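Engineer: coords please:
(2 chains)
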Amino acid sequence: EAGVTQSPRYAVLQEGQAVSFWCDPISGHDTLYWYQQPRDQGPQLLVYFRDEAVIDNSQLPSDRFSAVRPKGTNSTLKIQSAKQGDTATYLCASSRDWGHYEQYFGPGTRLTVL
Amino acid sequence: QEKVQQSPESLIVPEGAMSSLNCTFSNSASQSIWWYQQHPGKGPEALISIFSNGNKKEGRLTVYLNRASLHVSLHIRDSQPSDSAVYLCAANNNAGAKLTFGGGTRLTVRP
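Structural biologist: I've put the predicted structure just below:
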């Protein structure tokens, strides 16, 4: 079974530039999560979906961040105008169902904003 | 909002020793507590979870959960250099879908 895949693995931007991250979850997993992990900190949940529906995006900086999962499979997280404070690793995870099921993480995209 | 704190921030043990990691959480109604392992440049990987008060053992890992004191610990018996990684504690919310992570403990096992 293929794991969660993410691309790109690395991104370097100037402040004000836009960037998109792409995630392909494990086949059959209906719940998908995006986390932000600053260096030397734990992951912090940004948004999560069940199928194509956003369940909770309360931690997403809505003025610059957006996330979609149009067909309930792959997902894209976009930062419209990056700031230095967005420098972090962006992790995607999926789980079989919501509840007490294990979340499987991708390798992440390491973003540096100069 | 759930808060999860881990201690120590860093732990160095010799090969073959027991490694003990601690975690406190703020909501006694949290459904379950998970421990994840994260190697450099990789995403976290689940090691073990516990739902009920008491302990759970899997291989070299033992987890103890005390809901009254909002405390959970992870013990790694016979630690190996390959166990060197960051260990993350996470609490499920009441609905079960959201995980709140602590800041992590960096474990180094010296050969």
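Engineer: May I have the phi/psi pair for residue A:23?
Structural biologist: Backbone torsions of residue A:23, given as degrees, to the nearest 10, read phi -140, psi 130.
Engineer: Kindly tell me how buried it is, as a neighbour count.
Structural biologist: Residues near residue A:23, counting by other CB atoms under 10 Å in any protein chain shown, number 25. (C-beta placed from N, C-alpha, C; glycine too.)
Engineer: Determine which residue lies closest to the centroid of chain A.
Structural biologist: By CA atoms, centre = their mean, chain A has its centre lying nearest to residue A:34, at 3.1 Å.
Engineer: For that one, which residues are in contact?
Structural biologist: Residue A:34 is in contact with A:23, A:45-48, A:67, A:75, A:77, A:90-92, counting by CB atoms under 8 Å, 6 or more residues apart in numbering or on different chains.
Engineer: Which ones, among these, also lie beside chain B?
Structural biologist: Among the contacts of residue A:34, proximity to chain B is found for A:45, A:48, A:91 (CB under 8 Å from any CB of the partner chain).
Engineer: Can I get the helix or strand in which the last one is found as PDB, trimmed to CA atoms?
Structural biologist: Read that as residue A:91. In this assignment (DSSP states H and E), residue A:91 forms part of strand A:88-95. Extracted C-alpha coordinates of strand A:88-95, given in PDB (Å, rounded to 0.1, in the frame of the first residue of the first chain):
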ATOM      1  CA  ALA A  88       8.000  25.700   8.400                       C
ATOM      2  CA  THR A  89       7.400  22.100   7.200                       C
ATOM      3  CA  TYR A  90       3.900  21.500   5.900                       C
ATOM      4  CA  LEU A  91       2.700  18.000   6.600                       C
ATOM      5  CA  CYS A  92      -0.300  16.200   5.100                       C
ATOM      6  CA  ALA A  93      -1.900  13.200   6.900                       C
ATOM      7  CA  SER A  94      -4.800  10.900   6.200                       C
ATOM      8  CA  SER A  95      -6.800   8.400   8.200                       C
END
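Engineer: Beyond it, next helix or strand please.
Structural biologist: Next in sequence after strand A:88-95, counting helices and strands by DSSP H and E, comes strand A:104-105.
Engineer: near chain A, which residues of chain B show up?
Structural biologist: B:4, B:31-32, B:34, B:36, B:41-46, B:49, B:51, B:88, B:90, B:92, B:95-104.
Engineer: cutoff 10 Å now
Structural biologist: Neighbours of chain A within chain B, by CB under 10 Å from any CB of the partner chain: B:1, B:4, B:6, B:9, B:31-32, B:34, B:36, B:38, B:41-46, B:49, B:51, B:86, B:88-90, B:92-93, B:95-104, B:106.
Engineer: among those, which ones are buried?
Structural biologist: Applying 16 or more other CB atoms under 10 Å in any protein chain shown to the residues of chain B next to chain A, the neighbour count classes B:4, B:6, B:31-32, B:34, B:36, B:38, B:43-44, B:46, B:49, B:86, B:88-90, B:92-93, B:96-102, B:104 as buried.
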